[in-house]
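>>> here's a sequence, model it:
(one chain, ligands or ions: 1)
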Amino acid sequence: MDDRQLKRKAEIAELLLDAARQLGESLEPQRVYERFHDLLADVIRHDGVVVSSYDDRDDLIRAQYVWTEGEVLDPTTLPPVPLNREGGGMQSRVIVSGESLLFNDVAERVTQPDGVYYNVNREGTIQKLPESGPSGTSAAMMVPVKDEGRVVGVVQLMSDDGRYSSNQLELLEGLVAQMGAAVRNARLQEERRRLEAAEAAARAVAAEREQAAQVLEAVGDGIFFVDGHGRVRLWNKAAESVTGVRAERVRGQPLAKLIPEWEALATRIPVAEDGAIPQPMTLPLRAGGNDLWLSFAAVRMADGVIYACRDVTSEQRLEEEKSDLVATISHELRTPMSAVYGAAKTLLREDIVLTAEQRQQLLEMIATQATRLSQITEEVLLTSRLDRGDLPVEREPVDVADIVSATVEAIRPQLPESTAIEVEIPPDVGAASGDRDRIQQVLVNLLDNAVKYGASPVKVHAYRTDGVIRICVADGGPGIGLADQDRIFEKFYRADPQLARSPSGTGLGLYISRELAQRMGGRLELDSEPGAGATFVVELPQA
Ligand code: ADP
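Now for the predicted structure:
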């Protein structure tokens, strides 16, 4: 190698080193192409540059950077060219062989029918050669861009009037190698950024899902999703506690398998479609051994129906109680009120003369009915105090034999003469712990019921056992039907109220009595065989 050659090699080496540094600074492929072209402009004269990429997955060659007659063109205006493996077309030859090409007879070549040639002018107009006329290019160099030995693109350099030498080709090859490495690096960076962004987006979606799932678990309403095949896909915690059905038992199962009435229920729940506001529907459901009232709302989704449900049993009971209260009060008050009104009106009439006995009877009627009215009011007020928990109940020793005989004596004057009350209490039964007045109130109610609904003789007896004292009030009446035995302790419940023989009443007496017994630490139970009289047992702790 002579001095000139050595000097040239050193210059090329320096140039390439500088190129590597400059190209490596760019982290976007487009910027790398632009810098590559800047570097090229300083060392090899040219009228056109095209950088194309080749993708072996679809065998297409695509322009990535196009500069012609001093203008950078949009590379997408050049259609992708299919690789021609049979050797036609200059780009294809470079890609297939992996070798650079140098032509100083381009005008002639493009007339050959073995490849596709385009000419692109500075306005970006593409003209297919040779049909559109002679090519303006006289010389061209084509260099493969390689990645680990694979050809991934081609750089074409065109000159309109001149020739290219093998030294220039060598220099171009060096620059193209640097550019290829820089583009690869930029692409890797781009890919890394894309992956990082995708990862961050996936993380955000996962976090959002997680949060949504947590919210679903935390909401107070039962939420469940039934897919198009009627199977449960989602069953949150509140759905578990509302229905008593565990998520692991129901998930993936048809809901009707665990809640048999579901099929009938589902047809009654309106399902909101197309963004409409769901209309809630309150329906009864027997779940987990309880009779519940649930309010359901449903929305149709693409692949099923999402339901929200809420336990409104206590609200529903309150509603029922409210209407029972209104019905009872209006019914029970009307009779005594009209009796009082009628009697008072008669007393006030001046056109008829009443005997002293008649006046007495009317006044007694007013007094009796007024007492009845105040009893009704008292029962309603007492019930509401019990419900509010605002009824103080004493716990003091109360002699049972004493309280029973006092109570029987107190009510005897109000009873029909024919009613017999037999009291059988051993004198040593002892004292119970409770509130004297409240125990008496319970006994009055039981005796009153025994007389009202039962038949003579009414028997009261008491005994001590296991730390408690039991006072039993038994009658010889028809007793209470099995279906009614639990319910008579409910507020406002009256067995057979529509029967003509049924005496008036609010249906609050037994509710109040049981509540009072419980507040004194005892209980009130019924022991009745239908047809064989009723026995109510008040149990109180021994004092
Ligand atoms: P009320 O007497 O005001 O109706 P209660 O709560 O005291 O209210 O009683 C509820 C219902 O229980 C009564 O309406 C009656 O049907 C039934 N009942 C109560 N005691 C007896 C009894 N000794 N024999 C038969 N039925 C009874």
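>>> can you get me a residue count around the residue of the stretch 1-150 of the chain found nearest the ligand?
Closest approach between the stretch 1-150 of the chain and the ligand, counting by Cβ to the nearest ligand atom: residue 57, at 86.6 Å. Heads up, the C-betas are built off the backbone N, CA and C, glycines and all. Residues near residue 57, counting by other Cβ atoms under 10 Å, number 5.
>>> can you tell me how far residue 298 sits from the ligand?
40 Å (Cβ to the nearest ligand atom, to the nearest Å).
>>> which residues in this protein form helices?
Per DSSP state H, the chain carries helices over the ranges 3-24, 29-43, 90-97, 106-109, 166-218, 237-243, 247-250, 255-258, 262-266, 313-348, 356-388, 400-411, 436-453, 509-519.
>>> and the last one, what other elements does it pack with?
So the one you mean is helix 509-519. helix 356-388, helix 436-453, strand 523-528, strand 534-541 (3 or more Cβ pairs under 8 Å, 6 or more residues apart in numbering; DSSP states H and E).
>>> swap the cut-off to 6 Å and go again
helix 436-453, strand 523-528 (3 or more Cβ pairs under 6 Å, 6 or more residues apart in numbering; DSSP states H and E).
>>> re earlier: can you pull the pLDDT of the residue of the stretch 1-150 of the chain closest to the ligand?
The predicted structure scores residue 57 at 92 on the pLDDT scale.
>>> so what's it up against?
Residue 57 makes no contacts at all, as judged by Cβ atoms under 6 Å, 6 or more residues apart in numbering.
>>> residue 98 is in contact with residue 151, isn't it?
Yes - counting by Cβ atoms under 6 Å, residue 151 is a contact partner of residue 98 at 5.3 Å.
>>> report the beta-bridge partners for the nearest residue to residue 72 once chain neighbours are set aside.
Spatial nearest neighbour of residue 72, chain neighbours left out: residue 66 (7.1 Å); criterion: Cβ to Cβ, 6 or more residues apart in numbering. Listed by DSSP bridges, the beta-bridge partners for residue 66 are residue 50, residue 73.
>>> got JSON lines for the helices of the chain, with distance to the ligand too?
Compiled in JSON lines, these are given as follows (distance: least, Cβ to the nearest ligand atom, whole Å):
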{"stretch": "helix 3-24", "distance to the ligand": "95"}
{"stretch": "helix 29-43", "distance to the ligand": "90"}
{"stretch": "helix 90-97", "distance to the ligand": "100"}
{"stretch": "helix 106-109", "distance to the ligand": "113"}
{"stretch": "helix 166-218", "distance to the ligand": "43"}
{"stretch": "helix 237-243", "distance to the ligand": "31"}
{"stretch": "helix 247-250", "distance to the ligand": "40"}
{"stretch": "helix 255-258", "distance to the ligand": "37"}
{"stretch": "helix 262-266", "distance to the ligand": "32"}
{"stretch": "helix 313-348", "distance to the ligand": "8"}
{"stretch": "helix 356-388", "distance to the ligand": "8"}
{"stretch": "helix 400-411", "distance to the ligand": "14"}
{"stretch": "helix 436-453", "distance to the ligand": "3"}
{"stretch": "helix 509-519", "distance to the ligand": "3"}
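>>> weakest of those in terms of mean pLDDT?
Among the helices of the chain, helix 106-109 carries the lowest mean pLDDT (a mean of 72).
>>> give me the buried positions along that helix.
106, 109 (16 or more other Cβ atoms under 10 Å).
>>> and residue 50, what pLDDT?
pLDDT, read off for residue 50, is 93.
>>> touching, residue 514 and residue 526? I think so.
No - using Cβ under 6 Å, residue 514 is not in contact with residue 526; the gap is 9.6 Å.
>>> ok, the nearest residue to residue 424 once chain neighbours are set aside to the ligand distance?
Closest residue in space to residue 424, ignoring its immediate chain neighbours: residue 461 at 4.2 Å, by Cβ to Cβ, 6+ apart. Distance from residue 461 to the ligand, counting by Cβ to the nearest ligand atom: 16 Å.
>>> look up the closest residue to residue 145, ignoring the ones flanking it.
Per Cβ to Cβ, 6+ apart, closest to residue 145 is residue 153, 3.6 Å.
>>> tell me how many other residues crowd the one you found.
Neighbours of residue 153 (other Cβ under 10 Å): 24.
>>> what pairs with it across the strands?
residue 53, residue 145.
>>> you'd agree it is up against residue 146?
No - Residue 153 is beyond contact range of residue 146, at 8.5 Å (criterion: Cβ under 6 Å).
>>> residues near the closest residue to residue 96 other than its chain neighbours, how many?
Excluding the flanking residues, the one nearest residue 96 by Cβ to Cβ, 6+ apart is residue 85, at 5.9 Å. Using other Cβ under 10 Å, residue 85 has 11 other residues around it.
>>> fine, thanks again, bye for now.
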